[in-house]
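S.K.: After the sequence you'll find the predicted model.
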Amino acid sequence: MTPRKTELVVRGGTVVDARWAGPADVFVADGRVQALVEPGTPVPAGSDAVEIDASARLVLPGGVDPHCHVGFTSGDYTSLDGYAQCTTAAVFGGTTTIVDFAIPRPGEQPAATAHAQRAKAAQGLCDSALHGCVIDWDASVPGQLVDMADAGIRTIKMFTTYRGESMADEDTILRVMSSLRDVGGMAVVHCEANHIIEDTQSRCAAKGHIAAPDMAATRPPLAETASVAGVLAIAESVGAPVYFVHQSTPEAVELVSAARRRGVAAFTEAVAHHLILDDSCYDGPEAERFVCCPPLRPRATVEALGRYLITGDITTVGSDHCCYDLGQKRSRRDDVRHMPNGLPGVETRLPIIYSRYVASGLLPITRFVELTSTNPARTNGLYPRKGSLLPGADADIAIWDPSATWTIGVDVLHMATDYTPYERMAVTGRPETVLVRGNVVVSQGKLIDSEPRGEYIPAGPIDLTPAVLAR
Ligand code: URP
Ligand code: ZN
Ligand code: ZN
């Protein structure tokens, strides 16, 4: 076979993988990593490679965001970005693959919704994969799950809350899990026990405490714990893998870890805002900026959750990106049951986690890569094409300046909204240059290629090997 021409070299940086970090140059050919070589290795004769200087920089596999809602409709609200905007913000933040959700609206079939959403990938500046979603079981669902799996949609979201919107009952969850088990898929579950939440909300409303500043009290940790326990029992009973999105309490994380120790293929996702912000945000004048489900928790809970990053109990870190603007967030701040929940975060996920946990010395850089890129790729059937810089992987690369200091603000971000929950937060570390399949999209912090070259990446079977289940 003719050796491929080296087209690009990233020189002089510290390459980071989930298990290893060290000096190496990265050779890129045909949009893929061709080789990791000794620093200074000349390119093969006949190659006319572009060289990128990564001295004093970290060379990371681009981030994989496992939880990203693009143009998401819930209730009366639709979040404000499309694929072009969301992925532009993603690449500025060092993320080169997003995993979006196809959540059926009333009357829609899960597979039809998924196929329609999948077609939008080509509008992106980076690549995307997709979670399907089942709300109601009927006889057509098993066939739709096979159809979706054949199209590379193997992770299926279900919600135990949001009655009348996207809530699935326990029979549906059990049947979907059983069907997915047989097609190499996995249920991805938002766990908050709806009966506990509705009852709590009614009691809060009766006392006149149902506005944005009351958010934390309206969705108690107990609702999450109860639901996680129930869903884990279903997974264990049918022998199916399960992934819990945005776990926000130590109790919920512990339930999943204990199940994993018993041999259940169960995963915990934490999302960036639960690892940084606490419920004191609801005391400020603009509490609605922070309304998300589950809500922000007390500081001690945030710190405890952060420790699970280090111990390995948390498998992935996502953003749960939802791009609402302040007009939308303010419109029903009087009643959290009606306002849009969710926070913009696809662009800030990596910088805030890097700054708070890696730059501060709490988290090794290898573990950062594992949590934000490698494990999201594994649990979504995208590894080793994504989440790795091993030869053969897509050359999705974030060249990271570990010592840059900057202040987060809506003025320097690119998400399709007019606020960030991290306004005026000072951080250390940022992506400087970002490559998507070997194309330089962001260079020195500037967008230099706005051509939409995004591809839909079909998921293979979910990785349930010890590499991802070990901890
Ligand atoms: O508050 C949130 N997380 N909104 C987005 C939908 C969801 O529950 O993930
Ligand atoms: Zn959710
Ligand atoms: Zn979400």
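M.R.: Looks like it arrived, so ask away. Ligands and ions are numbered 1, 2, ... in the order given.
S.K.: in the sheet, who's paired with the residue lying closest to N375 once chain neighbours are set aside?
M.R.: Spatial nearest neighbour of N375, chain neighbours left out: T316 (4.7 Å); criterion: CB to CB, 6 or more residues apart in numbering. Bear in mind the C-beta positions are built from the backbone N, C-alpha and C, glycine included. Per DSSP bridges, the residues bridged to T316 are E269.
S.K.: List the contacts of T316.
M.R.: The contact partners of T316, taken as CB atoms under 8 Å, 6 or more residues apart in numbering, are 66, 267-270, 371-372, 375-376, 379.
S.K.: If we use 7 Å, what do you get?
M.R.: Counting by CB atoms under 7 Å, 6 or more residues apart in numbering, T316 makes contact with 66, 269, 371, 375-376, 379.
S.K.: how about CSV for these, with pLDDT, neighbour count and secondary structure added?
M.R.: Shown next, in CSV, are those (pLDDT from 0 to 100; neighbours: other CB atoms under 10 Å; DSSP: H, G, I helix; E, B strand; the rest coil):
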residue, pLDDT, neighbour count, secondary structure
P66, 98, 32, coil
E269, 98, 23, strand
L371, 98, 24, helix
N375, 97, 27, helix
P376, 98, 29, helix
T379, 97, 29, helix
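S.K.: Quick one: those residues as TSV, columns for distance to ligand 1 too.
M.R.: Below are the contacts of T316 laid out as TSV (distance: CB to the nearest ligand atom, whole Å):
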residue	distance to ligand 1
P66	12
E269	11
L371	19
N375	19
P376	16
T379	16
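S.K.: Those residues: which two are farthest apart?
M.R.: L371 and T379 (11.1 Å; CB to CB).
S.K.: how close does the residue nearest to N375 get to F368?
M.R.: Separation of T316 from F368 (CB to CB, to the nearest Å) stands at 12 Å.
S.K.: Quick check: the residue of the stretch 251-400 of the chain nearest ligand 1.
M.R.: Ligand 1 sits closest to G342 of the stretch 251-400 of the chain, with a gap of 3.1 Å, by CB to the nearest ligand atom.
S.K.: Quick one: neighbours of V231, just the number.
M.R.: 26 (other CB atoms under 10 Å).
S.K.: Let me know whether it touches C191 as I believe.
M.R.: Yes. Contact criterion CB atoms under 7 Å: V231 and C191 qualify, at 5.6 Å.
S.K.: Show me which residues of the stretch 251-400 of the chain sit near ligand 1.
M.R.: Taking CB under 6 Å from any ligand atom as the contact definition, the stretch 251-400 of the chain meets ligand 1 at 292-293, 320, 322, 341-342.
S.K.: Could you point out which of the residues you listed is nearest to G132?
M.R.: Distance to G132 across those (CB to CB) is lowest for D320, with 17.5 Å.
S.K.: can I get the contacts of T316 in TSV with distance to G438?
M.R.: Output for these, formatted as TSV (distance: CB to CB, whole Å):
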residue	distance to G438
P66	23
E269	29
L371	25
N375	24
P376	21
T379	25
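S.K.: Whether the longest helix belonging to the chain contacts ligand 1 - can you check?
M.R.: Longest helix in the chain by number of residues (criterion: DSSP state H): helix 221-238. No. Using CB under 6 Å from any ligand atom, helix 221-238 stays clear of ligand 1, with a minimum separation of 11.8 Å.
S.K.: Indicate each strand paired with the helix or strand that that helix is followed by and its parallel or antiparallel sense.
M.R.: Downstream of helix 221-238, the first helix or strand assigned by DSSP states H and E is strand 242-244. Note on strand 242-244: by DSSP bridges, its sheet partners are strand 186-190 (parallel), strand 266-271 (parallel).
S.K.: and strand 242-244, average pLDDT?
M.R.: Strand 242-244 carries an average pLDDT of 98.
S.K.: Beyond it, next helix or strand please.
M.R.: By DSSP H and E, the next helix or strand past strand 242-244 is helix 250-261.
S.K.: Could you check the angle that following helix makes with helix 221-238?
M.R.: 10 degrees (axes from the mean of the first three to the mean of the last three CA atoms, to 10 degrees).
S.K.: which residues touch helix 250-261?
M.R.: Outside helix 250-261, the residues that reach it (CB under 7 Å, 6+ apart) are 221, 224-225, 228-229, 232, 236, 244, 247, 266, 268, 301, 304-305, 308, 313-314, 469.
S.K.: still on that earlier bit, find residues that contact each of V231 and C191.
M.R.: T160.
S.K.: Setting aside sequence neighbours, what's the nearest residue to the one residue in the stretch 1-150 of the chain that gets nearest to ligand 1?
M.R.: Per CB to the nearest ligand atom, H69 is where the stretch 1-150 of the chain lies closest to ligand 1, at 5.7 Å. Leaving aside its sequence neighbours, H69 sits nearest to C322 (CB to CB, 6+ apart; 4.9 Å).
S.K.: dump the residue contacts of that neighbour.
M.R.: 69, 72, 79, 342-344.
S.K.: among these, who's most crowded?
M.R.: Neighbour max across the contacts of C322 (other CB under 10 Å) = P344, 30 neighbours.
S.K.: For it, give me phi and psi.
M.R.: phi -70, psi 140 (degrees, to the nearest 10).
S.K.: list the contacts for it?
M.R.: By CB under 7 Å, 6+ apart, the neighbours of P344 are 321-323, 415, 417, 420.
S.K.: pretty sure P295 contacts P213?
M.R.: No. Counting by CB under 7 Å, P295 sits too far from P213 to count as a contact (11.2 Å).
S.K.: Which one of these two is surrounded by more residues?
M.R.: Taking other CB under 10 Å, P295 and P213 do not tie; P295 has more neighbours (24 against 20).
S.K.: per-residue confidence for A467?
M.R.: The model reports A467 with a pLDDT of 67.
S.K.: repeat for V15
M.R.: 98.
S.K.: which residues in the stretch 101-250 of the chain form helices?
M.R.: 110-118, 141-150, 170-181, 194-206, 215-218, 221-238, 250-261 (DSSP state H, counting those that start in this stretch).
S.K.: With the stretch 251-400 of the chain instead?
M.R.: Applying DSSP H, counting those that start in this stretch to the stretch 251-400 of the chain gives helices spanning 272-276, 299-311, 326-331, 349-353, 365-369, 375-379.
S.K.: Make a markdown table out of these and add distance to P61.
M.R.: A markdown table is the format used below for the helices of the stretch 251-400 of the chain (distance: least, CB to CB, whole Å):
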| stretch | distance to P61 |
| --- | --- |
| helix 272-276 | 18 |
| helix 299-311 | 18 |
| helix 326-331 | 33 |
| helix 349-353 | 11 |
| helix 365-369 | 6 |
| helix 375-379 | 8 |
